[in-house]
Structure formats: structure tokens, C-alpha cells
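>>> Prediction below, plus the sequence it came from.
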Amino acid sequence: MHRLAVKSGVPRTAYTTLTSVGRSSILIQGESIAASGSSVVKYHGVFGTITTMVRTEGARSLYNGLVAGLQRQMSFASVRIGLYDSMKQFYTKGSEKASIVTRLLAGCTTGAMAVAFAQPTDVVKVRFQAQVRQSDGLKRYNGTMDAYRTIARDEGVRGLWKGCMPNITRNAIVNCAELVTYDIIKELILQYDLMTDNLPCHFTAAFGAGFCTTIVASPVDVVKTRFMNSSAGQYNSALNCALTMLTKEGPTAFYKGFVPSFLRLGSWNIVMFVSYEQIKRCMTKMQYSWESPF
């Protein structure tokens, strides 16, 4: 049974690799069953999947592709999150007031830029974590660098950008859902004096942003994962992949792995936004102390 993990910072990547692997095993299970002609369902839910993997492959299998995941998160996050405020200022021409439309544009732009820059890391992450041992006991890839070389050699350099368009769509949606939803929830909490601008407020807004992002992004995420992990010629396009899923597995296939996906995105949003707010406060204090040393 093939598995893969599809989805910043080093602590977050190490923590959520476990739920990501479990989620993705469920996500592509329908495809594997259809290909093999078997009606046996190997994985039952995220916790059942984790238990099965530990029993059959060992606990280390839950962290397959951790190095590839770190490469992806560092390259993606540096662009899509690091440039978000700069893009907001660009679209507002320096104004501090940003409308929802401006925030959506900034989120879409940085999300698309991140994919264009770092798509090879995502492809390698998916392929490397989807690999299984062959009949002779060998793995498909010996490591992440070997995966880069093998894909480029067998499929050409374009193979490293396979699924780029659906991934751009997915990351633009995720970026908008995460950043814009967080901004809106936080503003509403402060506007109605439900909480002060502190840790509980940041935690609540991040949790809500993670839930909203999971609902919005799951269909695109599932299609992106299936298409990127597909063999040559299996699907003509990402749209063909979506139509095939809808025909063979029904509309619920687009929300396979929802619980582990929410665990992954929810934990990511909480870690990222809480850390971001604290770092921003520290930087503001440092800047103030530099400008007014006495």
C-alpha cells in the first residue's frame, strides 16, 4: 500500500509529520484499492492508520520524509509568510489600512510565488514519503538528494515541477484562508473586547484559522496529492484527476483524511501565529530600544 505525506518551521514539521503520514495513507487509499482491484481497506481512520503502520513497519515509518519535509517548509514558509506584509504594503501603496481584497491578493501572490520557487521540494517530499520497498528489499529512493536526481533523470527537469498549477491553486487558497481568516478573527475578538491582544487571543484566532483552512483547502489538497504522486499517463491533468475521483469514489473522496489534516493545519497555525506574534513583539521592543536608548 503506497503512502505519502503532504504537508513552518522545524518544530512544527517534526511534530506534524506523524499526522501528515497517517492522513495521506488514508487519502490515496481509494486510488490504491482501485488499481489493485482489491476491496480490502487497510487503513481505518487516522489513529487506526498510525497503529497499523507502527505494527507493520515500525515507529520510524511515522517520520518518513522528515528531511524532505524540512526542506519544503523552510523554502515555502520563507516566501509565502515572510513576504506577506510586504505584498500588503505593495498593494496598498504604503498605507497601513488593508481591505479584505488586498489581503486576499497578497495571500494569493505570496502563495503562488512560494510554489514557483520551491515546487521541487514538494514533489520530492511527496514521492519520497510515498515510496515502499520493492520486492528485493530496496527502496525507490535512497535519500532526498537521490530523489531529486532520479526524478530529474527519469522524467526530466520538468518532472520536478509536476503538479505545479494545482499546487499553486492549493497554496494560494491555503495562504488566503490562513492569513486572512486569522486577521479577521483576531480583529473581531479585539473589536468586541472578548480578549486582549495577548496569547489567548492569538491561540483562539489561530485555531479558528486552522479549521477554516482545512474546510476550504481539503478538496484541492487531495487532488494535488493524487496528481503529484500519480504514475506517468495515469491522469491527463489535475482536472481529469478530480473528475476520476468524483466518478469512482464520490464527493466524499475530496475530504478523505479531514481529521488528520485538521490536526496538521490546526497545530501548524497555532505554532506559527503564536510564534509570529511573540517574535513581532520582541522585534518591536528591540527596535524601540535601539531608537530610544535612554
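Arrived safely. Numbering: from 1, shown residues only.
>>> contacts, neighbours, all on C-alpha from now
Will do.
>>> so what secondary structure elements neighbour the longest helix belonging to the chain?
If you go by DSSP state H, the chain has its longest helix at helix 258-291. In terms of contacts (3 or more Cα pairs under 8 Å, 6 or more residues apart in numbering; DSSP states H and E), helix 258-291 is packed against helix 10-27, helix 199-229.
>>> Which of those helices comes out lowest on mean pLDDT?
Sorting the helices and strands packed on helix 258-291 by mean pLDDT places helix 10-27 lowest, at a mean of 46.
>>> wouldn't V180 be in contact with I100 here?
Yes: counting by Cα atoms under 8 Å, I100 is a contact partner of V180 at 7.3 Å.
>>> ok, these two, which is more surrounded?
V180 (21 against 13; other Cα atoms under 10 Å).
>>> How much space separates that one from Y91?
From V180 across to Y91, the span is 15 Å (Cα to Cα, to the nearest Å).
>>> All the helices of the stretch 1-150 of the chain, residue numbers only.
Ranges of helices in the stretch 1-150 of the chain, per DSSP state H, counting those that start in this stretch, are 10-27, 29-36, 45-57, 66-80, 84-92, 100-130, 144-155.
>>> Compare these and report which one is nearest to N167.
Between N167 and the helices of the stretch 1-150 of the chain, the tightest spacing by Cα to Cα is seen for helix 100-130, at 6.8 Å.
>>> Check which helices and strands that closest one is in contact with.
Packing contacts for helix 100-130, counted by 3+ Cα pairs under 8 Å, 6+ apart, involve helix 66-80, helix 84-92, helix 144-155, helix 164-191, helix 199-229.
>>> Run the chain-centre distance for that helix.
On the basis of Cα atoms, centre = their mean, to the nearest Å, helix 100-130 sits 9 Å off its chain's mean C-alpha point.
>>> what comes up buried for that helix?
For helix 100-130, a neighbour-count test (16 or more other Cα atoms under 10 Å) marks 102-116, 118-130 as buried.
>>> Low-confidence ranges, the stretch 51-200 of the chain, go.
129-138 (pLDDT under 70).
>>> Kindly recompute the last result at 80.
Where the stretch 51-200 of the chain drops to pLDDT under 80, the residues are 52-54, 56-66, 68-69, 94-98, 126-142, 166, 169-170.
>>> And stretch 216-236, how far out from the chain middle?
Worked out by Cα atoms, centre = their mean, stretch 216-236 lies 14 Å from the chain centre.
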